[in-house]
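A.B. asks: Curious how this folds, go ahead:
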Amino acid sequence: MEIENEIFIDDDGEILDIINYGFPRKIYDRSNYFQDMDNLTFFQRFRLTKPTVLTVLDQIEHRLEFPTDLNNSITPINQLLSALRFYACGGHQNDIADIMGMHQSTLSRVVRRVSAAIDYHSI
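C.D. replies: Have a look, this model is predicted:
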């Protein structure tokens with residue numbers, strides 16, 4: 001009986017923490033695929049070579065940067081790579097978001113943002 005009371009007390013403590021402090025933030029660990037992958041694997045995953053990605057990034061990076069690095073913001077290179085992976089696979093944002101280390105809704109905003117930056121530059 002005492003163990004059951006401890007379990008309920010522990011659950012109550014967790015509930016009070018959630019009420020007082022909100023749900024704990026989920027911080028994703030994002031890999032740097034540009035540096036981690038060899039050239040062939042990179043091309044197979046993103047359908048562009050590393051020099052081509054750097055050229056595209058150089059042209060749109062200013063539109064992808066955030067003014068601060070607060071809240072674990074996604075770097076321009078990771079935004080571009082996430083969008084390229086989405087373009088290369090043709091869909092399934094949940095799977096791509098898991099691979100790229102972000103939430104599906106974040107990937108959706110990133111793809112929209114990168115697409116707008118590419119579209120703006122092409123005009």
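
A.B. asks: Quick one: mean pLDDT over stretch 104-117.
C.D. replies: Confidence for stretch 104-117, expressed as mean pLDDT, is 95.

A.B. asks: what residues does that stretch touch?
C.D. replies: By Cβ atoms under 8 Å, 6 or more residues apart in numbering, the list of residues contacting stretch 104-117 from outside reads 60, 63-64, 74, 79-80, 82-83, 86, 93-94, 96-97, 100, 102. (Glycine included, C-beta is placed from N, CA and C.)

A.B. asks: Between the residues you listed, which sits nearest F34?
C.D. replies: Distances from the contacts of stretch 104-117 to F34 were compared by Cβ to Cβ; the smallest belongs to L80, at 9.2 Å.

A.B. asks: Please read off the pLDDT at the closest residue to F46 other than its chain neighbours from the model.
C.D. replies: In space, and not counting its chain neighbours, F46 is closest to L84: 4.4 Å by Cβ to Cβ, 6 or more residues apart in numbering. The score at L84 is 95. That number is its pLDDT.
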